[in-house]
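Participant: pasting a predicted model and its sequence here:
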Amino acid sequence: MRRSVFWPAIWALLLPIVQCQDQEKISLKDHAHVAIYSDRGVWSESVRAAEKMFPWMGHTVERVNARQIKNGVLENIQIFCVPGGNMYQYAEDLSSKGIENIRDFIQGGGGYVGICGGAYFASERVVWRGNQLPMMSLNLFPGTAQGPYKEIIPYPDSGMCQVIIVEPTHPITQTEPDSAWMLYYWGPALIPENNAYVTILGRYDITNQPVMLALEYGQGRAFLIGTHPEIEEDSDRDDVTFGDELDDRGSDWELMRKATLWCLGE
């Protein structure tokens, strides 16, 4: 008799804790806090579009700069997004302190979303127009980010390109169609080293080079893409007019929603 009373009493005490933990998991999945890098060198349209895209997913966003990152702003963040822009400028402004803080953030369980310039910046080696840049990178991706490719869109122009989904079993791409059309604006191919532990999710249709991949870094995860899926060419919900004259052939925000969830550990 004593035992039958004791355990329900204990469970009544533990239940609020269990419910609270479950609620935290739900909250993190649906209401994560996203920091978008915004400092010298960023492409402002990429920043503004990302500021619309992540809230569409249900997340909150804030802009952070190099000084804030050096001072530890990422401690209260779940996802760090580096948009399109000048990766060399990113490295120069963040310096070794900021880069170390970003690596520690991801290694400790944070998520990283690198778009175009953010994908360049995350790679071990950065090759721009045939020359390897003498810069410090995040070095999350064991490989080379190399671009732009005149076969896709001649530099310095931009335009739509086709991305072929090559890994249909990954959580990010398993419900995606066989291909997608995205904005190409000087983006890289992401060429892994031999035996690098990464998952190539998509390739450029024209060059067959990897353009989209997922990887783990310590306890964290990173999603890198060489195109601009944040830009909605046929919709004004991204708050930018760049590329509105182009044929989008469908939104890429759902792909980015699943990539963000995966980076959150879902």
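Facilitator: Yep, it's here.

Participant: surely residue 129 touches residue 156?
Facilitator: No. Checked against CB atoms under 8 Å, the pair residue 129 and residue 156 is beyond contact range at 10.3 Å. Just so you know, the C-beta spots here come from the backbone N, C-alpha and C atoms, and that holds for glycine as well.

Participant: ranges for the helices of the stretch 1-150 of the chain?
Facilitator: With DSSP state H, counting those that start in this stretch as the criterion, the stretch 1-150 of the chain has helices at 2-30, 44-57, 66-70, 87-107, 117-122.

Participant: just for the stretch 1-150 of the chain, where's the confidence low?
Facilitator: Applying pLDDT under 70 to the stretch 1-150 of the chain flags residues 1-29.

Participant: now do 90
Facilitator: The model of the stretch 1-150 of the chain has pLDDT under 90 over residues 1-30.

Participant: how about stretch 94-101 as PDB, C-alpha atoms only?
Facilitator: What follows is stretch 94-101, C-alpha atoms only, in PDB (Å, rounded to 0.1, in the frame of the first residue of the first chain):
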ATOM      1  CA  LEU A  94      36.000  39.000 -37.500                       C
ATOM      2  CA  SER A  95      39.700  38.300 -37.100                       C
ATOM      3  CA  SER A  96      40.900  35.200 -35.100                       C
ATOM      4  CA  LYS A  97      38.800  36.100 -32.100                       C
ATOM      5  CA  GLY A  98      35.500  36.200 -33.900                       C
ATOM      6  CA  ILE A  99      36.300  33.200 -35.900                       C
ATOM      7  CA  GLU A 100      37.200  31.200 -32.800                       C
ATOM      8  CA  ASN A 101      34.000  32.300 -31.100                       C
END
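
Participant: how far off centre is that stretch?
Facilitator: Offset of stretch 94-101 from its chain centre (CA atoms, centre = their mean, to the nearest Å): 18 Å.

Participant: who's in contact with it?
Facilitator: 66, 69-70, 72, 74, 91, 102, 136-138 (CB atoms under 8 Å, 6 or more residues apart in numbering).

Participant: determine which two of these are furthest apart.
Facilitator: Between any two of the contacts of stretch 94-101, the greatest separation by CB to CB is 20.8 Å, found for 72 and 137.

Participant: out of these two, which sits in the busier spot?
Facilitator: Of the pair residue 72 and residue 137, residue 137 is the one with more neighbours under other CB atoms under 10 Å, namely 20 against 11.

Participant: isn't the more buried one up against residue 127?
Facilitator: No. With contact defined as CB under 8 Å, residue 137 does not count as touching residue 127 (11.5 Å).
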